[in-house]
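**Q** Sequence first, predicted coordinates after that:
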Amino acid sequence: MRADLARSIRLFRAFRTEQAKPDAYYTTLAADTAAQLLDRVSLAGATVLDVGGGPGYFADAFRRAGARCVCVDVDAGELTGQGAPGTGVLGSALELPLADGSVDVCFSSNVLEHVPDPWRMADEMARVTREGGLIFLAYTNWLSPWGGHETSPWHYLGGERAARRYARVHGRQPKNRYGRSLFPVSVAHGLRWARSARDVELVDAFPRYLPWWCRPLVKVPVVREFVTWNLVLVLRKLG
């Protein structure tokens, strides 16, 4: 997969259609994400866990690459989001219903910012991954332009204020409520967790949607919080 400017433009164009054409957007993102994973690990015959995988867009892409994939999601409605039950398990990301070391690859996309204890979720992802296995964790950091999700960019004035403005303008509450289903996570905290966790090794950290030449931005404190948009942590499970 070439992480070039053309790819970034393609992803941002798809992103703009998320509300109107979610199937097209998530299918595009899932195919791109599968390509990112395939640059690092063979999925043929691999057991992959998708944490918070909901309707299964990513799981479908991983299966097309030969993986055995299961989703864990706390919302039964999300698990049937494409119209029919898939290979999904009800369960919390904070207490994954899997045994230690039971998967080859543990994956999560844009779920971390929606749980009240994000680094406990990260610890759980590490726990269920086998020795030598891969953890691929992507999340939207709070200070990015899309950190407040549908309330952006007003989240820069505060999460509660942004939620109140959204309700006033649209006549309904936002899906992602600050302090209830949306929590501030940072690039700095993610890197700190990855480097301090005893049982994982940080393999890579990069902006998910940006071209390859933006990767050094992750090393620049403060600036990275605003320009990264979405951070990917790639980790290897240690013995």
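**A** Arrived safely.

**Q** And the pLDDT for the spatially most central residue of the chain?
**A** The residue lying closest to the centre of the chain (CA atoms, centre = their mean) is S109, at 1.9 Å. S109 carries a pLDDT value of 96.

**Q** Equivalent analysis for P116, please.
**A** 96.

**Q** Could you do G53 as well?
**A** pLDDT, read off for G53, is 87.

**Q** Against G91, how distant is the residue nearest to it when sequence neighbours are not counted?
**A** The shortest distance from G53 to any residue other than its chain neighbours is 3.2 Å, reached at C71 (CB to CB, 6 or more residues apart in numbering). Just so you know, the C-beta spots here come from the backbone N, C-alpha and C atoms, and that holds for glycine as well. Applying CB to CB, to the nearest Å, the value for C71 to G91 is 10 Å.

**Q** Same check on K237?
**A** 20 Å.

**Q** Could you name the helices and strands sitting against the longest strand seen in the chain?
**A** Longest strand in the chain, counting residues (DSSP state E): strand 129-140. Contacts defined by 3 or more CB pairs under 8 Å, 6 or more residues apart in numbering; DSSP states H and E place strand 129-140 against helix 22-38, strand 103-109, helix 118-128, strand 230-237.

**Q** Same list, those, but as CSV with distance to W213 please.
**A** Below are the helices and strands packed on strand 129-140 laid out as CSV (distance: least, CB to CB, whole Å):
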stretch, distance to W213
helix 22-38, 17
strand 103-109, 23
helix 118-128, 28
strand 230-237, 16
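
**Q** re earlier: would you mind confirming that the residue nearest to G53 makes contact with A59?
**A** Yes. Contact criterion CB atoms under 8 Å: C71 and A59 qualify, at 5.3 Å.

**Q** Model confidence at the closest residue to D117 other than its chain neighbours, what's the number?
**A** Nearest residue to D117 in three dimensions, chain neighbours excluded: L94, at 5.8 Å (CB to CB, 6+ apart). Here the pLDDT value assigned to L94 is 97.

**Q** What separation do you get for L94 and E18?
**A** Taking CB to CB, one finds L94 at 26 Å from E18.

**Q** Before I go, just wanted to say thanks for your time.
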